[in-house]
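Novice: Sharing a model that was predicted from the sequence below.
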Amino acid sequence: MKAIRKLIIVGAGGFGTEPLWVANAMNQAEMAEFTWDILGFADDNPTLRGKSYCDLPILGTSDEISRDHPAVYYFHCAIGRNRQRRKVALMLEERGLKPATLIHPAAVIAAGVEVGEGSYVGAGSILAPFATIGRHVLINTLVGVGHHSLLGDFCQICPGAKINGYCRVDRFAFIGSNAALQPGISVGEGATVGANSFVVRRVEPRVTVMGVPARTISRPAKHESPA
């Protein structure tokens, strides 16, 4: 008999449908070691409490579920804004809930790959040998992550993006849909790579690059806090 893990998805927005999809797909996989019992959603919009989303109840805010549900419960943080995802995820972990790692059965995970707690890997994505994925990383559908690449905690890789071998994407970075990194490229903390861009040189922290080849189009204000 398979073990049962109780799961709450945090974020009753558009992206929340995707971890729900992946959790259900994991439940249907023949070799699954456990079953997700999906209790419902949490959302920090208090007006949503008691309503439903995708035929599941919205149980309350993230703060409320951390008080109302025991530490044996799992959560997956489906919040697209990287720094906000970190804030909510760390609060829930500090209060004893466990981060759920969701990997679609149609993703291809090579030998030697490490995927951190709370991360999400969408259908059709390929993680090549010895790639390292941090905690609470969002890897959407049809993403390629090359060999020996490193994705830092709380970064986000949008559909169709290609991270070639020996690349490094630091925490909080955002790689847009169908963007590609040349092998060995580093993307700094909190940086953004626009959709359909091709990156051929290092991207500095907190800047935005776009184009083919990608060029810097914006930099953070001098007074802007990196936190």
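Specialist: Thanks, I have the structure now.

Novice: could I get the helix-or-strand element of the chain with minimal mean pLDDT in CSV with only the CA atoms?
Specialist: Ranked by mean pLDDT, DSSP states H and E, the weakest helix or strand in the chain is helix 62-68, scoring a mean of 86. The C-alpha coordinates for helix 62-68 follow below in CSV (Å, rounded to 0.1, in the frame of the first residue of the first chain):
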residue,chain,number,x,y,z
SER,A,62,-0.4,31.0,4.1
ASP,A,63,-0.3,32.3,7.7
GLU,A,64,-3.6,30.6,8.6
ILE,A,65,-2.7,27.2,7.1
SER,A,66,0.6,27.3,9.0
ARG,A,67,-1.3,27.6,12.2
ASP,A,68,-4.2,25.3,11.4
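
Novice: what does the average pLDDT come to for the helix or strand following it?
Specialist: Following helix 62-68 in sequence order, the next helix or strand is strand 74-77 (DSSP states H and E). Averaging pLDDT along strand 74-77 gives 97.

Novice: Which elements pack onto strand 74-77?
Specialist: Secondary-structure packing of strand 74-77 (3 or more CB pairs under 8 Å, 6 or more residues apart in numbering; DSSP states H and E): strand 3-10, helix 82-94, strand 98-99. In this view, the C-beta of every residue, glycine as well, is placed from N, C-alpha and C.

Novice: For the last one, what is the distance to the chain centroid?
Specialist: It stands for strand 98-99. 14 Å (CA atoms, centre = their mean, to the nearest Å).

Novice: That strand pairs with which strands, parallel or anti?
Specialist: Looking at strand 98-99 with DSSP bridges, its partner strands are strand 74-77 (parallel).

Novice: Output the partner strand as CSV, restricted to C-alpha atoms.
Specialist: The C-alpha coordinates for strand 74-77 follow below in CSV (Å, rounded to 0.1, in the frame of the first residue of the first chain):
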residue,chain,number,x,y,z
TYR,A,74,3.4,19.2,2.8
PHE,A,75,3.1,22.4,0.8
HIS,A,76,4.1,23.5,-2.6
CYS,A,77,4.6,27.2,-3.2
